[in-house]
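> Return atomic coordinates for the entry below.
(chains A and B)
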Amino acid sequence: MQVSLLGTLLLVLAAAAAGVMAVAGLVPSRDRRVHAIAASAATALLMAIGGAFALLMYAYSQTDVSLLNVFLNSNSLKPMVYKLTGTWGNHEGSLLLWLLMLAGFGAAMAHSRGGAPEMRRLALGIQGLLTLAFLLFAILTSSPFEPYPADWPTPVDGQGLNPLLQDIGLAIHPPTLYVGYVGLSAVYSFTIAALIRGELDQDWARAVRPFLLFAWAALTLGIGLGAFWAYYELGWGGFWFWDPVENASLMPWLAATALLHCVMVVERRDALKPWCAALAILAFGASLLGAFLVRSGIVTSVHAFANDPERGVVLLLLSVLFTGGGFLLFALRGSKLVKNEAFEPVSREGALVLNNLLFSVLLFTVFLGTFWPTVVEVSSGTRISVGPPYYNLMAAPLTLAMAAALAFGLLIPWRKRGRGAWVRPYQLILGAGLLLASAATLVLGGSLLAWIGFAASIIVFGGVVADLLRKAGLPGADASEALRRLANLPGRSVGALLSHLGLALLILGVTSASLFQTEVRTALRPGESAEIRNLTLTFVSTEMRAGRNYLAETDRYTVERDGKVIAELYPSRRYYPVADEGTTEVAITRVGLGNLYLASAGIREDKDLRMVRAYVHPLIHLLWSGALLVAIGGFVAAFSPGTKRQQKEAEPNAPAVPA
Amino acid sequence: MIALLSALLLALTPAQQARADAIFKDIRCVVCQNQSIAESDAELARVMRALVEERIAAGDTDAEVKAYLTARYGEAVLLTPTASPKNYVLWAGPVLALMLGGIWAFSLFRGSAKARE
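The predicted structure is shown next:
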């Protein structure tokens, strides 16, 4: 009762702080003290929600079943780490985490530098309003501090947790995604503030940049972790299924990717401003959709662990309200942002427009594929599926075009044609990409999709190398001069470099692991073997093992290459008595830069027989490291200081570009 | 069940097996969430795989196999949506978006060219 009361009190205090923040942020006033009040309220808000979150986590660590939420979602037998991560493994707890992040970004906005004071105050007001809305929703319908009902029997222990959720990947993947989603709320708030003022300028770009890059990097990491989790935990042998919920996390990422390239244009040119504002609203709208689609029950998927239709629909409505409100304001004020500065198609800004066009089309495609089955079902009653073949077909040509635009954009300077110095290297990159991809596809016996993947990867890589050489002043500069130039590269250039390099690896990894996978499906008895590529897989024996809170039937397999055992694999089937549920654990071992992936299922009719699925996924570790590198690049750029004043003026690259 | 297992071990030529494997990837496992029958360990996925192999052994073309599965389990088993009128928007949408977007980008450049003169 005490914990319940204290928690509720903290939430109410937080709502009061959010209210003050919203009012002080949005009232028309020129007084600096009003700004200070909004900023202090943002800090108070963070402290109150932070306290509430810490309290809930403490209750989880103690398995304090006086809280209904803990009773329903935890159990004292769980390992401590999963007790703690269980805090956000349910609807109420994850909403509190969401609020904690909203408040965290609000406080960061209050204490960040850059941007006109008036815009920053308005942005704080919007952020306060957002936080207040979700806080009220939490307090009224989804409080994690609801006490255990007095008239229920005295609780002995909690009711456990879905065993599928007892996984470290799942414990960290949703919060990482949340950082990304909620980070985009700061971008949204700054953009709404800019729309209210009718001015979206370099100030806006400077204020938004670090939040956008940080959110984007976290989203990248979150999506990567999600794919990683699906691959290692779900056991179907793939990393991406274009599942509606995966798509829902991809959509804000696509919008944010387009936006961060668009912001680069706004930082330097008086162009694309209304487009940028629309993208910012869209990105946050897509985030809200991504976060709450899981709970709405509108789409079903493996991820719908927190499926709770009624409250989910309210959250979805709240999301629609904020997105719709943003677009309404955009419709009323967007025209004020239009500036018609001269715009050359053959220029870096031209390449960035192309980037935005391609990312938007891909975003639209994913949107269409995700919701079209719902449209068809509602209008005609027929259930249809839109699966990987559709998305792969649509995404592949777009990816190749993006790669070509990327290399082009890296080579060509801003504003003017750059005296054609870019033409030769660009032709070289495209030529090498198409030729090498053709050679690789022929030698390896790949499909058109494989060719596209190889070409895209090589072209991106070529663009990055050419950009690096140009920045080093090569060829021309001597070695020490080149090194000095590279050491002095601004953080954001380093970030872009890392991200684009990561992208090249990622594309190669995806192409290789999905299109060149080897699959063996067979039935084995103890002592029998199967061949996969140059490896021999032998089913040796089965034994029972007891885990912390589960029983596991574990199979032992050996992996041989050239007659030598290189690994032992232990796929298993776990049974969790508390939840009365089972999971299948695959076994994976690294072979070079690829993986050997083994799923071993028993069947009821024959205790000794195993239905074996084994895959070799070549170069899959390029995929993981590539995704990680993309995210690291984003974090590096987010934490590097913004461009200097002089760089904002014409010819930002002039000193570094040899004539 | 014994019949099922023997069906699983049905002898297909390597070419036929390759066709069956390709079809597996394009068929949704109807009791799983978002898995193809190539990837699922579910009982029903095994049955569906056996059905595909059976139809191929009986001499069906790929289209006939898919038509057979559609008749049995509904259109939702096809992971690639059909090109029927109700899906025109789905297939044409991205292309139209690319064209409209291209026109928008072009107008951006033309408009600015005018502004410069």
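
> Quick check: phi and psi at the closest residue to chain A within chain B.
In chain B, no residue comes nearer to chain A than B:L79, which is 2.8 Å away by Cβ to the nearest Cβ. To be clear about C-beta, it is placed using only N, CA and C from the backbone, and glycine gets the same treatment. Here the main-chain torsion angles of B:L79 (degrees, to the nearest 10) amount to phi -80, psi -30.

> Ok, A:W422 next?
phi -80, psi -20.

> Wait, it touches A:L411, no?
Yes - using Cβ atoms under 8 Å, A:W422 is in contact with A:L411, at 4.0 Å.

> Just give me the residue right at the centre of chain B.
With distances taken as Cα atoms, centre = their mean, B:T80 lies nearest the centre of chain B, 2.8 Å away.

> Neighbours of the nearest residue to that one once chain neighbours are set aside, how many?
Leaving out its chain neighbours, the residue that sits closest to B:T80 by Cβ to Cβ, 6 or more residues apart in numbering or on different chains is A:P389, at 4.1 Å. By the criterion of other Cβ atoms under 10 Å in any protein chain shown, A:P389 has 16 neighbours.

> Going by secondary structure, A:P389 is in what exactly?
Using DSSP states H and E, A:P389 sits within helix A:388-411.

> chain center to that helix: distance?
Relative to its chain's centre, helix A:388-411 lies at 19 Å (Cα atoms, centre = their mean, to the nearest Å).

> buried residues in it?
Neighbour counts using 16 or more other Cβ atoms under 10 Å in any protein chain shown place A:388-392, A:394-411 of helix A:388-411 among the buried residues.

> give me the low-pLDDT residue ranges for chain A?
Where chain A drops to pLDDT under 70, the residues are A:1, A:160-165, A:294-309, A:340-342, A:416-419, A:642-659.

> longest helix in it, by residue count?
helix A:348-380 (DSSP state H).

> For the helix holding A:P389, name the packing helices and strands.
Contacts defined by 3 or more Cβ pairs under 8 Å, 6 or more residues apart in numbering or on different chains; DSSP states H and E place helix A:388-411 against helix A:348-380, helix A:423-444, helix A:448-472, helix A:491-515.

> just the angle between that helix and helix A:448-472, please?
Angle of helix A:388-411 versus helix A:448-472, following axes from the mean of the first three to the mean of the last three Cα atoms, to 10 degrees, is 20 degrees.

> Residue of the stretch 501-650 of chain A closest to chain B, please.
A:A601 (4.3 Å).

> How many neighbouring residues does that residue have?
By other Cβ under 10 Å, the residues close to A:A601 number 20.

> any idea which element it lies in?
Following DSSP H and E, one finds A:A601 within strand A:594-603.

> Show me what that strand is packed against.
So strand A:594-603, by 3+ Cβ pairs under 8 Å, 6+ apart, packs with strand A:535-546, strand A:551-561, strand A:564-569, strand A:587-591, strand A:606-617, helix A:620-639.

> need the ones you listed in a markdown table with mean neighbour count and distance to B:R55, can you?
Below are the helices and strands packed on strand A:594-603 laid out as a markdown table (neighbours: other Cβ atoms under 10 Å in any protein chain shown; distance: least, Cβ to Cβ, whole Å):
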| stretch | mean neighbour count | distance to B:R55 |
| --- | --- | --- |
| strand A:535-546 | 16 | 30 |
| strand A:551-561 | 18 | 32 |
| strand A:564-569 | 14 | 34 |
| strand A:587-591 | 17 | 33 |
| strand A:606-617 | 19 | 21 |
| helix A:620-639 | 22 | 33 |
